[in-house]
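1. Fold the following and give me the result.
(one chain, ligands or ions: 4)
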Amino acid sequence: MKDIIQQDTIVAIASAVVPNQGSIGIVRLSGVNALEIAQKIFKPQGKPKWQSHQVIYGYVKNPITEKVVDEALLIYMQSPRSFTREDVIEFHCHGGIIPVQQVLELCLEYGARLANGGEFSLRAFLNGRIDLTQAESIAEMVGAKSAYASQVALAGLQGKLAQPIRDMRHNLLDILAEVEARIDFEDDLPPLDEEQIIQDVEENLIKIKHILATKEQGELLRSGLKVAIVGRPNVGKSSLLNAWSKSDRAIVTDLPGTTRDVVESQLVVNGIPIQVLDTAGIRETEDTVEKIGVMRSLKAVNQADLVLFTISGETGWMSEDEEIYQQIKHLNIILIINKIDIAKENLTYPPEIKQIVKTAATIQQGITDLENAIINTVETGITQAQDLDIAINQRQAAALTRAKVALNQVQETIDNQLPLDFWTIDLRSAIQALGEITGEEVTESVLDRIFSRFCIGK
Ligand SMILES: Nc1nc2c(c(=O)[nH]1)N(C=O)[C@@H](CNc1ccc(C(=O)N[C@@H](CCC(=O)O)C(=O)O)cc1)CN2
Ligand SMILES: Nc1nc2c(ncn2[C@@H]2O[C@H](COP(=O)(O)OP(=O)(O)OP(=O)(O)O)[C@@H](O)[C@H]2O)c(=O)[nH]1
Ligand SMILES: [K+]
Ligand SMILES: [Mg+2]
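-> Ligands and ions are numbered 1, 2, ... in the order given. Next comes the predicted model:
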């Protein structure tokens with residue numbers, strides 16, 4: 001697969017496409033005709049030599065109508081010194097939507113094809129510049145919702161996951177070669193060093209388990225947590241959202257039933273992206289709009305990873321709180337006792353609730369306690385993996401698990417003194433599984449699945 005030379009020259013807008021934002025927009029061409037296309041539609045000022053890695057100033061111009069589309073800077077990166085290892089041209093245009101779209105259209109008119117999502121990265125992979133884990137890290141970096149997630153993606157891009165996987169795979173390939181040699185030419189060779197093999201397999205298993213332990217952290221960093229604030233009207237749910245997000249995102253009044261729709265805010269706590277949902281106070285109501293709001297609250301609750309069940313310290317636990325609690329107690333809950341500044345004495349609540357945080361939202365009190373409580377509920381998976389700066393994704397975890405199972409099988413095969421042919425079968429499946437992670441062994445359909453999730457232009 002790696003030998004196939006890509007025939008098409010692809011083009012895409014590489015920068016974000018948002019009106020009124022971004023002062024520079026980039027259109028990127030990659031492929032054998034990139035330079036030829038660029039020379040047709042770009043008129044440099046003066047007579048530059050179109051040297052690789054030099055910036056050329058000029059105008060993008062329709063060669064037939066002579067209509068100037070944009071004033072731009074052009075960079076030519078000659079193969080193989082480019083991201084894709086193909087000839088690459090970048091047009092650095094004025095930002096906004098229109099200039100980049102017009103440059104893109106000109107490129108299409110003069111022989112380029114619109115790139116599929118992830119196709120630049122796919123080419124970088126096929127041309128051996130990056131491996132699959134690095135390609136996945138690029139997509140992750142683009143989608144990172146926190147500085148920590150971005151840092152982990154950067155580690156992946158630098159090969160911090162690929163390297164140990166490759167090392168293990170090569171070690172297993174060496175062992176496989178030793179075993180196969182004994183099958184083919186048993187008489188001419190010294191006996192197999194079984195002790196060494198047993199030790200190597202054990203060490204690889206330990207490494208694999210260590211890397212597998214980063215999966216939970218990976219999921220947290222990538223998708224983050226969805227947290228819903230729920231409770232009866234007027235306990236201070238919206239005030240809590242505002243205090244926590246340091247904004248006045250949600251409307252707060254002293255009227256019960258103020259919040260009608262789900263109000264969302266994005267936060268980052270300890271590097272974990274958190275989507276906070278403030279919901280309508282739950283109660284029986286005849287008001288049509290409020291009724292729909294209550295239905296939405298219940299839906300949000302059921303989709304949340306964590307529920308902040310909020311009650312008022314002023315009134316203490318009421319029968320209305322009890323009713324809501326009965327509906328949500330099977331979920332992952334932190335009890336928020338708000339209005340602690342005007343709380344009555346002797347607050348009671350169901351003793352089975354273990355996580356309690358006291359807040360006074362209107363005076364920003366208790367927010368740090370709230371964040372600590374949230375981190376506590378998700379910490380288990382993280383602590384184990386903290387010495388690693390990588391975090392594997394689901395695909396990588398599935399392949400690693402297959403490698404682990406295969407190596408366990410190798411151990412059993414050795415223990416039971418089964419013939420060498422059996423050793424090779426399990427060794428091969430471990431090698432195959434590790435090769436799928438880096439892409440040394442991968443099918444086209446797996447590649448399709450990985451790269452199709454990328455955005456256009458990557
Ligand atoms: N303008 C621009 N900025 C960008 C990118 C880009 O493609 N264009 N990148 C795109 O992701 C990232 C930088 N990553 C890059 C990685 C490798 C190469 C590259 O040309 N590598 C060649 C050799 C480089 C040299 O010798 O100078 C190689 O590894 O063969 C370029 C960009 C982020 N910023
Ligand atoms: N003293 C005190 N008052 C608070 C506190 N939190 C909220 N309040 C007040 O309680 C009232 C209701 O606050 P909201 O934040 O609108 O309550 P809510 O739970 O979102 O109400 P609904 O959207 O109607 O369900 C407002 O008058 C707030 O100023 C607090 O910690 N202490
Ligand atoms: K209210
Ligand atoms: Mg509210």
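2. Check the secondary structure at Arg28 for me.
-> Look at Arg28: counting by DSSP: H, G, I helix; E, B strand; the rest coil, its state is strand.
3. per-residue pLDDT, the nearest residue to it once chain neighbours are set aside?
-> Of all residues beyond its chain neighbours, the one nearest Arg28 is Ala14 (4.3 Å), with distances taken as C-beta to C-beta, 6 or more residues apart in numbering. C-betas here are computed from N, CA, C, even on glycine. Looking at Ala14, its pLDDT is 94.
4. Ala14: what's it in contact with?
-> Counting by C-beta atoms under 8 Å, 6 or more residues apart in numbering, Ala14 touches Ile26, Val27, Arg28, Glu90, Phe120, Gly457, Lys458.
5. closest to Ile334 among those residues?
-> Nearest to Ile334 among the contacts of Ala14 is Lys458, at 37.9 Å by C-beta to C-beta.
6. Quick check: residues of this protein near ligand 3?
-> When proximity is defined as C-beta under 5 Å from the ion, the chain approaches ligand 3 at Asn234, Thr258.
7. Which residues of the chain lie near ligand 4?
-> Counting by C-beta under 5 Å from the ion, the chain sits next to ligand 4 at Lys237, Ser238, Thr258, Thr259.
8. of all of the stretch 201-350 of the chain, which residue lies closest to ligand 3?
-> Nearest residue of the stretch 201-350 of the chain to ligand 3 (C-beta to the ion) works out as Thr258 at 3.5 Å.
9. give me the number of residues near that residue?
-> Using other C-beta atoms under 10 Å, the number of residues around Thr258 comes to 18.
10. what about the nearest residue to it once chain neighbours are set aside, how many neighbours?
-> Excluding the flanking residues, the one nearest Thr258 by C-beta to C-beta, 6+ apart is Ile251, at 5.7 Å. Per other C-beta under 10 Å, the neighbour tally for Ile251 reads 13.
11. And the residue nearest to Arg28, how close does it get to Trp423?
-> Shown here: Ala14 relative to Trp423, a distance of 49 Å by C-beta to C-beta, to the nearest Å.
12. What of Arg182?
-> Distance, Arg182 to Trp423, using C-beta to C-beta: 9 Å.
13. of the two, who's got more company?
-> Taking neighbours as other C-beta under 10 Å, Arg182 and Trp423 compare with Trp423 leading, 24 against 18.
14. ok, that one touching Glu178?
-> No: judged on C-beta atoms under 8 Å, Trp423 makes no contact with Glu178 at a distance of 9.9 Å.
15. so where do the helices sit in the stretch 301-450 of the chain?
-> With DSSP state H, counting those that start in this stretch as the criterion, the stretch 301-450 of the chain has helices at 319-328, 367-385, 394-415, 420-438, 444-451.
16. just to revisit the earlier point, rebuild the contacts of Ala14 as JSON lines, extending it with distance to Ile198, neighbour count and pLDDT.
-> Converted to JSON lines, these look like this (distance: C-beta to C-beta, whole Å; neighbours: other C-beta atoms under 10 Å; pLDDT from 0 to 100):
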{"residue": "Ile26", "distance to Ile198": "54", "neighbour count": "21", "pLDDT": "96"}
{"residue": "Val27", "distance to Ile198": "57", "neighbour count": "29", "pLDDT": "97"}
{"residue": "Arg28", "distance to Ile198": "51", "neighbour count": "26", "pLDDT": "98"}
{"residue": "Glu90", "distance to Ile198": "53", "neighbour count": "22", "pLDDT": "98"}
{"residue": "Phe120", "distance to Ile198": "45", "neighbour count": "27", "pLDDT": "95"}
{"residue": "Gly457", "distance to Ile198": "49", "neighbour count": "21", "pLDDT": "81"}
{"residue": "Lys458", "distance to Ile198": "44", "neighbour count": "22", "pLDDT": "85"}
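17. show me which of those neighbour ligand 2.
-> Among the contacts of Ala14, no residue lies close to ligand 2 (C-beta under 6 Å from any ligand atom).
18. Which one of those residues is nearest to Gly281?
-> The nearest one, if we look at these relative to Gly281 and count by C-beta to C-beta, is Lys458, at 43.2 Å.
19. my guess is the closest one meets Val142, correct?
-> Yes: using C-beta under 8 Å, Lys458 is in contact with Val142, at 6.3 Å.
20. In the stretch 51-200 of the chain, which residue sits closest to ligand 2?
-> For the stretch 51-200 of the chain, the residue closest to ligand 2 is Lys145, as judged by C-beta to the nearest ligand atom, at 25.6 Å.
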